[in-house]
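J.: Please find the sequence and the predicted model below.
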Amino acid sequence: MNILIALLWIAVVAATAMGAGWLFRGLVVKVARGSAARVFRTAPLTAGFGMLVILVYVLVAVFAPVIAPFAEREVVGAQFLPWDSTHLLGTDNLGRDMFTRLVYGARNTVGIAFATTALAFTLGASLGLLAATVGGWLDQVLSRLVDILMAIPSLIFSLLLLTIFGTSVVTLVLVIATIDSTRVFRLARSVAQNIVVMDYIEAARLRGEGLWRLIAREILPNAMAPLVAEFGLRFCFVFLTISALSFLGVGIQPPTADWGSMVRENATLITFGDITPLLPAGAIALLTVAVNFVVDWMLYRASGLKE
Amino acid sequence: MSLVWTMVAKRLGLGLLTLVIISLIIFSATEMLPGDLAKAILGQSATEETVAAFRRELGLDLPAHTRYLNWLLGALQGDFGTSFASRRPISELIGMRLGNTLALALYAAAIAVPLSLALGILAALFRNTVFDRSTNAFALTSISFPEFFVAYILIFVLAQSGVFPSMARIDATTSFGDYLYRAFLPALTLTLVVTAHMMRMTRAAIINLLASPYIEMARLKGMKPMRVILIHALPNALAPIITVVALNLAYLITGVVLVEVVFVYPGLGQLMVDSVSKRDIPVVQAVSLIFATAYVLLNLLADVLSTLSNPRLIHRK
């Protein structure tokens, strides 16, 4: 019986999500003009839902101080208060408002994950494109270095590096960005290798274009589609890694509101049958699912099956 | 015959080289420490004499390459030095926990591998049906979930009602049956995390082959679809399946870290996380070396097995 109810819930949630996706897609098609509207009209419902979720997260992150009823680190009541009208989701282990921390968590966790991904991308993609364009010993050295770094499991490697350099947000961002840039390097290099053998690159070289211009103006625009999709996937991995590290207590440090450490701090409630600690974890899961949906659609479009 | 063995030997050699370089990276971790290690551990208030005595005790006054060789030779014999935090030999800390971690990974693999192979084969058999689509959607979602989310959902659903314990209390006296019961939730969490990927790869590897002429032939003979897949398609799909299974087992090795913390399971992962927050560098180095070795060995095994599963490489003319 319980299983039937659970299945019914899953079906209801899935149907609502798809309905929201449909409404959002309709809205975007109405607002957008020209070719953009045509692109969005063909988007699957899952992608519509994904974009809606991402938009909501961005809005919450930007307007966190407006939405949140209390300050991020303010102790507002007793510990572990149940849900009521003043404390929408109750309070946490120190008596801080759970809803407020959840809202600020969107800003901190997602913001830090996004900055890390952007850094990993700048580093990995520029080195990867450079290695493919220049070739020779530079390519060999960089590729072998990346091979070695990728042979160490990434979670273990990041734990090792965090022990050495200490746990602060800056080291966290740098360590994760360095480790993840090796994965980006692999992809950027292999994509660019197929491009550098094209005739128009040969023509550009003969025309006397410099290395920087060659990479930025000739190679990068043609490598954009797979790189953008990789950015989405990489963001998911980075986001999950940072949450995992924060959950383990070596990532984003308290009192900063962060979803990973919020799960850890309030985990005892779960054994008493309270689902509050699952909410931050659910927020992480929902965003990764949403990004995956959008990336799936982008990959499908980039694979040339769009028309 | 000899050709494939030289290939395997080359892979093994390359794997060994990778391991040596990894050990070098892990060792040089302490060298990268900004400032003096002894001062960093003893703190600002330490006198010159204590710092000097501590440096001698750690062997920090020796040149780096001597220390590296000593460390590596010691590690090969199971001696990793002493912990900074507890001042006990690291091998003593690791001993029992290594066994526990391996047992948990094996337990999870024993559920996950048969389950994902069966689901993958069934999804390939009933491709594009409701069954296929729902397993696929389920797999995609469980990939996107953080491990601790899966773990806490399981605790919420299964442990809170008292069916399974939410804390895995394991010690030397725990009997095998008790172990299976107490470690069930951690193993199930790991299973859910790795099954999706293996299942999807099994399905894709089999479906890739279904368009081949020899499968068409088997089908035209009037063979049952299940038999076509099991006898004709599966043997040829083995190489990619073995690779993805080994990759996921390697993933299990790192996945245990989070799961062990959630379920308070006395394994290596928990020791590592504790040592990271205490900045107990020798312990972290030792555990990293063990995890990295397991990871490299499993990847190597995948490489060798998928080569050996291809008869065209073994019986090359």
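T.: Perfect, thanks for sending it.

J.: Kindly report the residues of the stretch 51-200 of chain A close to chain B.
T.: Contacts of the stretch 51-200 of chain A with chain B, taken as CB under 8 Å from any CB of the partner chain, map to A:148, A:151-157, A:159-164, A:166-167. C-beta: built from backbone N, CA, C; applies to glycine.

J.: switch to 7 Å and redo it
T.: A:Ile148, A:Ala151, A:Ile152, A:Pro153, A:Leu155, A:Ile156, A:Leu159, A:Leu160, A:Leu162, A:Thr163, A:Ile164 (CB under 7 Å from any CB of the partner chain).

J.: wait, B:Leu185 sits on B:Tyr152?
T.: No - counting by CB atoms under 7 Å, B:Leu185 stays clear of B:Tyr152, with 10.4 Å between them.

J.: hmm, back to that, which of the residues of the stretch 51-200 of chain A next to chain B fall in helices?
T.: A:Ile148, A:Leu155, A:Ile156, A:Leu159, A:Leu160, A:Leu162, A:Thr163, A:Ile164 (DSSP state H).

J.: Please identify which of those residues is nearest to B:Leu297.
T.: Checking those against B:Leu297 with CB to CB, the nearest one is A:Ile156 at 14.2 Å.

J.: circling back: as CSV, the ones in helices among the residues of the stretch 51-200 of chain A next to chain B with distance to B:Leu76 and neighbour count would be great.
T.: Converted to CSV, those look like this (distance: CB to CB, whole Å; neighbours: other CB atoms under 10 Å in any protein chain shown):
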residue, distance to B:Leu76, neighbour count
A:Ile148, 20, 16
A:Leu155, 25, 22
A:Ile156, 20, 24
A:Leu159, 23, 25
A:Leu160, 20, 25
A:Leu162, 27, 23
A:Thr163, 23, 25
A:Ile164, 23, 21
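
J.: what about chain A, any weak spots by pLDDT?
T.: Chain A contains residues with pLDDT under 70 at A:1-2, A:302-307.

J.: okay, which residue is most central for it?
T.: A:Phe235 (2.9 Å; CA atoms, centre = their mean).

J.: Excluding chain neighbours, what is closest to it?
T.: A:Thr117 (4.6 Å; CB to CB, 6 or more residues apart in numbering or on different chains).

J.: So that neighbour belongs to a strand, correct?
T.: No - the assignment for A:Thr117, made by DSSP: H, G, I helix; E, B strand; the rest coil, is helix rather than a strand.

J.: My read is that it contacts A:Leu240, right?
T.: No - at 11.6 Å, A:Thr117 does not count as touching A:Leu240 under the criterion of CB under 7 Å.

J.: out of these two, which sits in the busier spot?
T.: A:Thr117 (27 against 22; other CB atoms under 10 Å in any protein chain shown).

J.: what's around B:Phe145, how many residues?
T.: Counted with other CB under 10 Å, B:Phe145 comes out at 22.

J.: what's near enough to touch it?
T.: B:Phe145 makes contact with A:Ala285 under the criterion CB atoms under 7 Å, 6 or more residues apart in numbering or on different chains.

J.: Distance check, it against B:Ala183.
T.: As for B:Phe145, its distance to B:Ala183 is 21 Å (criterion: CB to CB, to the nearest Å).

J.: in stretch B:62-77, what's buried?
T.: B:Arg67, B:Tyr68, B:Trp71, B:Ala75 (16 or more other CB atoms under 10 Å in any protein chain shown).

J.: same thing with stretch A:66-73?
T.: A:Ile67, A:Ala68, A:Phe70, A:Glu72.

J.: Work out the gap between it and the centre of the chain.
T.: Relative to the centre of its chain, stretch A:66-73 is centred 24 Å away, using CA atoms, centre = their mean, to the nearest Å.

J.: And for stretch A:126-146?
T.: 26 Å.

J.: Between its first and last residues, how far does it reach?
T.: Length of stretch A:126-146, first residue to last, CA to CA, to the nearest Å: 14 Å.

J.: Likewise for stretch A:198-211?
T.: The separation between the terminal residues of stretch A:198-211, taken as CA to CA, is 16 Å.

J.: got the contact list for it?
T.: A:Thr133, A:Ile195, A:Leu214, A:Glu218.

J.: let's go with 6 Å and repeat that
T.: A:Leu214, A:Glu218 (CB atoms under 6 Å, 6 or more residues apart in numbering or on different chains).

J.: how about B:Val228, what does it touch?
T.: Contact partners of B:Val228, counting by CB under 6 Å, 6+ apart, are B:Ala218, B:Arg219.

J.: quick one: low-confidence ranges for the stretch 1-150 of chain B?
T.: B:1-2, B:32-45, B:58-61.

J.: For it, which residues are neighbours of chain A?
T.: Within the stretch 1-150 of chain B, the residues that sit near chain A (CB under 6 Å from any CB of the partner chain) are B:Thr18, B:Ile21, B:Ile22, B:Ala29, B:Met32, B:Leu33, B:Ser144, B:Phe145, B:Pro146, B:Phe148, B:Phe149.

J.: run the last query once more with 7 Å
T.: B:18, B:21-22, B:26, B:29, B:32-33, B:140-141, B:144-149.

J.: Among these, which lie within helices?
T.: Among these, DSSP H puts B:Thr18, B:Ile21, B:Ile22, B:Ile26, B:Ala29, B:Leu140, B:Thr141, B:Ser144, B:Glu147, B:Phe148, B:Phe149 in helices.

J.: Let me have those in TSV, extended by neighbour count.
T.: Compiled in TSV, those are given as follows (neighbours: other CB atoms under 10 Å in any protein chain shown):
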residue	neighbour count
B:Thr18	18
B:Ile21	16
B:Ile22	21
B:Ile26	22
B:Ala29	18
B:Leu140	16
B:Thr141	14
B:Ser144	21
B:Glu147	23
B:Phe148	24
B:Phe149	25
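
J.: Surely A:Leu123 touches A:Leu174?
T.: No - contact criterion CB under 7 Å: A:Leu123 and A:Leu174 do not qualify, at 10.1 Å.

J.: Not counting sequence-adjacent ones, nearest residue to the spatially most central residue of chain B?
T.: Centroid-nearest residue in chain B: B:Ile253, 2.1 Å away (criterion: CA atoms, centre = their mean). Leaving out its chain neighbours, the residue that sits closest to B:Ile253 by CB to CB, 6+ apart is B:Ala294, at 4.9 Å.

J.: Just give the number of residues close to the one you found.
T.: 22.

J.: got it, and the one 4 residues further on?
T.: The burial metric for B:Leu298, expressed as a neighbour count using other CB under 10 Å, is 19.

J.: quick one, what contacts the nearest residue to it once chain neighbours are set aside?
T.: Excluding its sequence neighbours, the residue lying closest to B:Leu298 (CB to CB, 6+ apart) is B:Ala250, at 4.1 Å. Listed by CB under 7 Å, 6+ apart, the contact set of B:Ala250 reads B:Tyr295, B:Leu298, B:Asn299.

J.: For the chain, which segments count as strands?
T.: Using chain A. With DSSP state E, there are no strands along chain A.

J.: what are the ranges of the helices in it?
T.: A:2-31, A:34-41, A:45-62, A:64-67, A:98-105, A:111-134, A:136-150, A:154-165, A:169-196, A:199-206, A:211-213, A:220-248, A:259-266, A:278-300.

J.: Over to the stretch 51-200 of chain B?
T.: For the stretch 51-200 of chain B, the helices defined by DSSP state H, counting those that start in this stretch cover B:64-76, B:90-125, B:130-144, B:147-154, B:176-182, B:184-209.

J.: show me what contacts A:Ala37?
T.: For A:Ala37, the contact set (CB under 7 Å, 6+ apart) comprises A:Val29.

J.: With chain B as the reference, measure out to it.
T.: 28 Å (CB to the nearest CB, to the nearest Å).

J.: Please apply the same query to A:Phe239.
T.: 9 Å.

J.: Just list the residues touching the closest residue in space to that residue that isn't next to it in sequence, thanks.
T.: Spatial nearest neighbour of A:Phe239, chain neighbours left out: A:Ala113 (4.1 Å); criterion: CB to CB, 6+ apart. When contacts are counted by CB under 7 Å, 6+ apart, A:Ala113 touches A:Phe235, A:Val238, A:Phe239, A:Ile242.
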